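1. this is a predicted model, with the sequence first.
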Amino acid sequence: MRSHSIILILALAVFTILFIGMLSACAGGGRKQTDKPNIIIILTDDQPIPTLQYMPNLQKEIIAKGISFSNTYVTTPLCCPSRSSILTGLYVHNHGVRSNRAPLGGATAFKDNSTLPVWLQSAGYRTSLIGKYLNGYESLPEGYIPPGWNDWHTFVSKDPNTDFYYNYTFNDNGKVTKYGNAPEDYSTDMLSKKAVDFIKSADGPFFLYLSFYAPHQPYISADRHKDLFKTDAEFSRYRPENFLEKDISDKPAWVQEIDPQAAGQDPAYIDKVYQRILRTVMAVDDSIGQVVAALEDKGIRDNTVIIYMSDNGMALGDNRIFGKACPYDTCIHVPFVISYADKITASRVDPNQILNIDIAPTLADLAGIPNISRFDGQSFLPLLTDPSFAWRDGFLIEQYQDDADEGGMTALVPSYVGFRTKEWKYVEYETGERELYNLLDDPFEMTNLAAQSKYEQTMQDLSARIHAIRP
């Protein structure tokens, strides 16, 4: 009897251990135990920074639980070059994607065999791109899926009237699907659903690159948001100090050539555009709530890094500019927030200069991936726990003119290089023109100091820093 009792006790102990293990697996959503964090990048297109204040889920779920880097910049203020820098950690002159279209750039110019998803996949991550990849993707071989992606859902072609909001075609892991104009076809919502499905199915560490077309023109909102922001009580009009700057006599010729009768020089038109941008970004905010809820349902929110950012800035009348590609902060300054409970214990605003070329090295660092090819950016992982960590004091800006962009900003703006520090912004155009701004005294870049001889040494010093990076 005694031996039977001992056997029974041992059997009960084994059963208890197995049962507890099953409960733990269920609580973790079946996730394999790992010290590698899950990684999510939520990327918007052409989002002005002031719009973030109108996004309640972003404010509550990421900003209030993360670090807002208030001085984040893209080194080239254009979609495809910037996205290529995010995926490689390289300046544009090193990755070679100089514009949104061939032959200067676009997806056909992108070298996709050494990228963030390739490195993460090799480290055991399941990778998924959902949304916009690179401009000109439709020029690649039909059904092409770049290296490094386990799960591939991207736009292929678009209706010119609605762009990638309605009436677009989509590549779902090699299967091309046509979407129409029904409410459920609205692309931001469709992408959100796919993102949630991917999170639910993930087993082990994953990398989700959720890349919205919103709020890019033509600024089409979901039907449920079409009546928002109708009154001054609901939103503040876009009126920075340099709004439709009156005296541009010190600006380069391309600024002075902007047609004063163009729609982008009309305050009423800009108000309408800003209103539509706010409406369009509301579905992105809904998506943030859905993604976070999916993480919490699986019990993996604390082990997930969430980055929210835009691919470039967007000028809405700043310094007379309507669009992007300009060297002014309104074009290169982007929203950037990171949430990660393991490293960030309290929300804060950090003034250190973060760049799009820092994303890849930081995420590789977080994933514990050693010996990656040379980066131009650097890992800002130490800043998550130590805001006093020694960091950069300036960075290169570069933009390439694209004459094929008929009527667009990249055709109007001559090629330029520049250097920005906390105090100075210096720009050299291929035309020989120069710009210099004291950002401490003149943060809206309204007084060009380049013609004043007393600043010649400052410009020479900044020029030397440019050409040390890009000979």
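-> That came in fine, so what should we check first? Numbering: from 1, shown residues only.
2. and Phe155, how many residues sit next to it?
-> By other CB atoms under 10 Å, 21 other residues sit near Phe155. Just so you know, the C-beta spots here come from the backbone N, C-alpha and C atoms, and that holds for glycine as well.
3. so it, which of the three states?
-> strand (DSSP: H, G, I helix; E, B strand; the rest coil).
4. how close does it get to Thr177?
-> 11 Å (CB to CB, to the nearest Å).
5. intersection of neighbour lists for these two?
-> Common neighbours of Phe155 and Thr177, using CB atoms under 8 Å, 6 or more residues apart in numbering, are Thr169, Phe170, Asn171.
6. hmm, the last one is touching Trp149, no?
-> No. Counting by CB atoms under 8 Å, Asn171 does not reach Trp149; the two are 11.0 Å apart.
7. got a list of what the nearest residue in space to Ser128 that is not next to it in sequence touches?
-> Leaving aside its sequence neighbours, Ser128 sits nearest to Asp151 (CB to CB, 6 or more residues apart in numbering; 3.6 Å). Contacts of Asp151 were listed using CB under 8 Å, 6+ apart, and they are Arg126, Thr127, Ser128, Leu129, Ile130, Asn173, Phe198.
8. and Asp350, by the same measure?
-> For Asp350, the contacting residues are Ile67, Ser68, Phe69, Ser70, Leu383, Pro387, by CB under 8 Å, 6+ apart.
9. show me how far stretch 164-173 is from its chain's centre.
-> Stretch 164-173 sits 20 Å away from the centroid of its parent chain (CA atoms, centre = their mean, to the nearest Å).
10. give me the buried stretch members for it, please.
-> Phe164, Tyr165, Tyr166, Asn167, Tyr168, Phe170, Asn171 (16 or more other CB atoms under 10 Å).
11. likewise stretch 459-469?
-> By 16+ other CB under 10 Å, the buried positions in stretch 459-469 come out as Met459, Leu462, Ser463, Ile466, Ile469.
12. just these now: which is nearest Gly418?
-> Of all the buried residues of stretch 459-469, Ile466 has the smallest distance to Gly418: 7.0 Å, by CB to CB.
13. any idea which element the closest one lies in?
-> In this assignment (DSSP states H and E), Ile466 forms part of helix 456-469.
14. by contact count, what packs against that helix?
-> Of the remaining helices and strands, those touching helix 456-469 by 3 or more CB pairs under 8 Å, 6 or more residues apart in numbering; DSSP states H and E are strand 394-399, strand 416-421, strand 424-429, strand 434-438.
15. compare these and give me the one nearest Pro260.
-> Evaluated over the helices and strands packed on helix 456-469, closeness to Pro260 peaks at strand 434-438, with 20.8 Å, by CB to CB.
16. starting at the chain centroid, how far to the closest one?
-> Distance of strand 434-438 from the chain centroid (CA atoms, centre = their mean) equals 27 Å.
17. kindly report the same for stretch 337-345.
-> 18 Å.
18. what about the spatially closest residue to Leu129 that is not a sequence neighbour, how many residues nearby?
-> Closest residue in space to Leu129, ignoring its immediate chain neighbours: Tyr209 at 4.7 Å, by CB to CB, 6+ apart. Tyr209: 27 surrounding residues under other CB under 10 Å.
19. again with Glu456
-> Neighbour tally, Glu456, other CB under 10 Å: 11.
20. repeat for Val281
-> Burial measure for Val281: 25 neighbouring residues, criterion other CB under 10 Å.
21. and it, how close does it get to Thr169?
-> 24 Å.
22. can I assume Val305 sits in a strand?
-> Yes. Val305: assigned to a strand according to three-state DSSP.
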